[in-house]
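*Asks:* quick one, structure for this:
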Amino acid sequence: MIRASVNPELLRWARDRAGIAQEDLTAKFRKLPEWEDGQTQPTLKQAEAFARAVHAPVGYLFLSEPPEESVPIPDFRTFAGHAVTRPSPNLLDTIYACQERQSWYREFARVAGEPDLDFVGSVSVNTSRITAAERMRETLGFDLAARRECSTWTDALRLFIRQADEAGVLVMVSGIVMSNTSRRLDPGEFRGFTLCDPLAPLIFVNGKGTKAAQMFTLAHELAHVWLGASALSNLGAAPPTGFRHEEVWCNAVAAELLVPLRLLQSDLRRNEPLPDALSRLERTFKVSTLVILRRLLDAGWLTRERFDAEWRQENERLRKFVKAGGGGDFYCTTVARVGRRFARALVVSALEGQTLYRDAFRMLGVRKTETFNNLGREAGVMG
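*Replies:* Numbering: from 1, shown residues only. Have a look, this model is predicted:
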């Protein structure tokens, strides 16, 4: 029996990196405490199985010290006013998967002769937030009347995603890593990120957030696209403090895009009770009550003190109604995870023999030809 000369420190590091307690792994790896204490060593197969369980490259276990890992894009996240320094393997693997998809699509678009998107990087943080939001609204066809016709937030979000997709932005929404349902993304770690590119801008939205939260995240990340800046974000709708100016600007643009201050002010009613105003305005603009609260603050309808108190109360109320995601149509969900624009392009390329089915299956997160064909139908490529 061949033993693997793994570093006990790296075993502990890899487990901690994955956020898994030792006792949660001992059912599968009975001698894990002995491995971590250096009393004995796993076999090579056991080391490989352990690496898969903690989502780490097996080669890491043989290093002399833990590697320095960092997010491969600008990281604007903060927690309690401090930068977030340690990314989870779920976050890293999601970014790497999206980088691969973006690289593939960029080459596909280049060969197809598609032009660069002129709106990418077309504004700066010195651009008026109202002006930037208006330019985005015009390009996206982001119409309030169309949103009002949506019966639910989910429908409004789908409309928003479709508008961004049709403008040329790759939009991917998922709450898991690739298609692995056991690897759930934590909305507390990040809400979304942008991989900026003039030919293939990509936005990833953490699908574990509420539909209303996803709406704001998409708007925020789109502001990054117009700014021409890749970024990893964990901002919500509240006016932020302790963040870089770029993040504050994108947040303000997102709020203006979703709820134009001019329209909000014309819709305010004197002496209307706040609960009634929140209920009415969230139906009108198809955004969360948290976004409405933020805009009421921007409009001067609420004082900062009142806003802070109402924000805490509304957050607590919403937490009680958050339900676990899941269900729905498998193919529709799978297309949403990789984006309709990307799925269509990849299916077409595979059918034309330009991309290996093996590679297409991996990037789509499927294993069977039948599933692939059904995804092609869902994406509108195959009859």
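*Asks:* from residue 1, how far out is residue 34?
*Replies:* 15 Å (C-beta to C-beta, to the nearest Å). Heads up, the C-betas are built off the backbone N, CA and C, glycines and all.
*Asks:* out of these two, which sits in the busier spot?
*Replies:* For the pair residue 34 and residue 1, the greater number of neighbours falls to residue 34 (14 against 5), based on other C-beta atoms under 10 Å.
*Asks:* ok so that one is a strand residue?
*Replies:* No - Residue 34: not assigned to a strand; according to DSSP: H, G, I helix; E, B strand; the rest coil it is helix.
*Asks:* flag the helix or strand of the chain with the lowest per-element mean pLDDT.
*Replies:* strand 82-83 (a mean of 60; mean pLDDT, DSSP states H and E).
*Asks:* in the host helix or strand of residue 360, what's buried?
*Replies:* Secondary structure assignment for residue 360, by DSSP states H and E: helix 357-364. By 16 or more other C-beta atoms under 10 Å, the buried positions in helix 357-364 come out as 360, 361, 363, 364.
*Asks:* next, count neighbours for residue 211.
*Replies:* 18.
*Asks:* wait, it touches residue 155, no?
*Replies:* No - in this structure, residue 211 is not within contact of residue 155 by C-beta atoms under 8 Å, at 9.3 Å.
*Asks:* show me where the stretch 1-150 of the chain has helices.
*Replies:* According to DSSP state H, counting those that start in this stretch, the stretch 1-150 of the chain carries its helices in the segments 8-17, 22-25, 32-37, 44-53, 89-111, 129-140, 144-148.
*Asks:* just the CA atoms of the last one, as PDB, please.
*Replies:* So that's helix 144-148. The C-alpha trace of helix 144-148 is given here as PDB (Å, rounded to 0.1, in the frame of the first residue of the first chain):
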ATOM      1  CA  LEU A 144     -40.700  51.200 -16.700                       C
ATOM      2  CA  ALA A 145     -44.000  50.600 -18.500                       C
ATOM      3  CA  ALA A 146     -42.800  47.100 -19.500                       C
ATOM      4  CA  ARG A 147     -41.700  46.400 -16.000                       C
ATOM      5  CA  ARG A 148     -45.100  47.400 -14.600                       C
END
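*Asks:* what's in contact with that helix?
*Replies:* Under the criterion C-beta atoms under 8 Å, 6 or more residues apart in numbering, residues 156, 159, 260, 263, 284, 285, 286 lie in contact with helix 144-148.
*Asks:* show the contacting residues for residue 209.
*Replies:* 187, 191, 217 are the contacts of residue 209 under C-beta under 8 Å, 6+ apart.
*Asks:* how about a cut-off of 10 Å?
*Replies:* 173, 175, 185, 187-188, 190-192, 215-217, 236, 322, 325 (C-beta atoms under 10 Å, 6 or more residues apart in numbering).
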